[in-house]
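K.L.:
Got a predicted structure plus its sequence, pasted below:
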Amino acid sequence: MALALACAGATAAPAAAAHAPAASATAACATDTGAKGLASRPAADSPVSVARADGRIAQFQLFYDATATGGLPFVWHREQGEPDGAFGPWKRVSAATVGPKSYAVTAVENSAGRLELLFSTFGTFCHTVEDDGEWSAPDAFGLAPAPYHGGVVLFKERDGSIDAIASGANSDSSMELRHQQDADSGWGPVRSMGRVPDPNVGLSRPSLVEQLPDGRLRVTAREWNRDRTWEVRQSAPGGDWGPWQLLSPGTAPAPRALAAATALPGS
């Protein structure tokens, strides 16, 4: 089951949104502490939904704050109190800003039932985890694809472990991955998924992530500036990656959503 999340549409800004106290952040996760925590205006095409294991839906949305000093949006969060129930109030996740150039946001529920959130800020991705309604201080996640190479894809394997996959940030790797076996063990180190043999290729975010019947992962990605698609497979479940192979146009997977993200009302 894939959990890379992208939904179209936008929700209206809450008339009187509650906000969480701004969490402190590391230097890598820029903050705008002058912002007062107002959901003044929603950013277009930014809603993200996560289906939780208990049947509820969590939602994330970028909102601009009229009191912000830097002009960048912030991530806000709300969720249902019960399956098919009403949503609670919007709350700002932290004072960390999103953007510029890349405004990617993605989230997943981990094996402990806690939400993990990734968002792009100033050339890297920041990470924060919700626990009992409070969010941890955002910290640098280690994946930093170029803005025109797309964001991070989150994929949940059949055993509940999670993979975070993104275009490589250095010349030795076309794609990079971090793996979380479970919430207690946390995220492993950034690992290379190998280099595409063509030296002039730059890959976008994965267009397809799937788990094969034998447990291995298969990933395909298009070149960011050319209509060609490449494929790589694990050599064994949880193991290293085989060579990247160029797919012919007839064998490339049709574009499709990587996750069963729930559309927001009105989208």
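P.N.:
Thanks, I have the structure now.

K.L.:
so residue 99 sits right up against residue 75, yeah?
P.N.:
No. Assessed by C-beta atoms under 8 Å, residue 99 is found out of contact with residue 75, at 10.9 Å. To be clear about C-beta, it is placed using only N, CA and C from the backbone, and glycine gets the same treatment.

K.L.:
between these two, which one's more packed in?
P.N.:
residue 75 (28 against 19; other C-beta atoms under 10 Å).

K.L.:
ok, now which ones touch the more buried one?
P.N.:
60-62, 92-94, 96, 98, 105, 117, 119 (C-beta atoms under 8 Å, 6 or more residues apart in numbering).

K.L.:
Rebuild those residues as a markdown table, extending it with distance to residue 144 and secondary structure.
P.N.:
Shown next, in a markdown table, are the contacts of residue 75 (distance: C-beta to C-beta, whole Å; DSSP: H, G, I helix; E, B strand; the rest coil):
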| residue | distance to residue 144 | secondary structure |
| --- | --- | --- |
| 60 | 20 | strand |
| 61 | 24 | strand |
| 62 | 19 | strand |
| 92 | 24 | strand |
| 93 | 20 | strand |
| 94 | 19 | strand |
| 96 | 15 | strand |
| 98 | 14 | coil |
| 105 | 15 | strand |
| 117 | 17 | strand |
| 119 | 13 | strand |
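
K.L.:
which one of the residues you listed has the most neighbours?
P.N.:
The most crowded member of the contacts of residue 75, judged by other C-beta under 10 Å, is residue 119 (31 neighbours).

K.L.:
right, and that residue touches residue 99 too?
P.N.:
No. Taking contacts as C-beta under 8 Å, residue 119 lies outside contact range of residue 99: 9.0 Å.

K.L.:
any chance you could map the strands in the stretch 51-200 of the chain?
P.N.:
57-64, 74-79, 91-97, 105-109, 115-121, 124-131, 134-135, 139-140, 153-156, 162-167, 175-180, 191-192 (DSSP state E, counting those that start in this stretch).

K.L.:
Are there helices or strands packed against the last one, and which ones?
P.N.:
Helices and strands touching strand 191-192, as assessed by 3 or more C-beta pairs under 8 Å, 6 or more residues apart in numbering; DSSP states H and E, comprise strand 175-180.

K.L.:
What average pLDDT does the strand it packs on get?
P.N.:
For strand 175-180, mean pLDDT rounds to 97.

K.L.:
Show me what that strand is in contact with.
P.N.:
110, 141-143, 161-169, 186-194, 203, 206, 219, 221, 232, 238.

K.L.:
Give me the ChimeraX select line for the residues you listed, limited to the buried ones.
P.N.:
Of those, the buried ones can be selected in ChimeraX as follows, counting by 16 or more other C-beta atoms under 10 Å:
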select :110,141,142,143,161,162,163,164,165,166,167,168,169,187,190,193,194,203,206,219,221,232
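
K.L.:
Look up which residues are beta-bridged to residue 119.
P.N.:
Using DSSP bridges, the beta-bridge partners of residue 119 come out as residue 105, residue 126.

K.L.:
And the pLDDT at it?
P.N.:
For residue 119, pLDDT reads 98.

K.L.:
Same check on residue 255?
P.N.:
48.

K.L.:
which residue is nearest the centroid of the chain?
P.N.:
Among the residues of the chain, the one closest to the centroid is residue 106, at 2.6 Å (C-alpha atoms, centre = their mean).

K.L.:
I figured that residue hits residue 155, correct?
P.N.:
No. Between residue 106 and residue 155 there is no contact under C-beta under 8 Å: 10.5 Å.

K.L.:
give me the low-pLDDT residue ranges for the stretch 101-250 of the chain?
P.N.:
250 (pLDDT under 70).

K.L.:
Mind jotting down where the helices sit in it?
P.N.:
Counting by DSSP state H, counting those that start in this stretch, the stretch 101-250 of the chain has no helices at all.

K.L.:
For residue 62, name its beta-bridge partners.
P.N.:
On the basis of DSSP bridges, residue 62 is bridged to residue 75.
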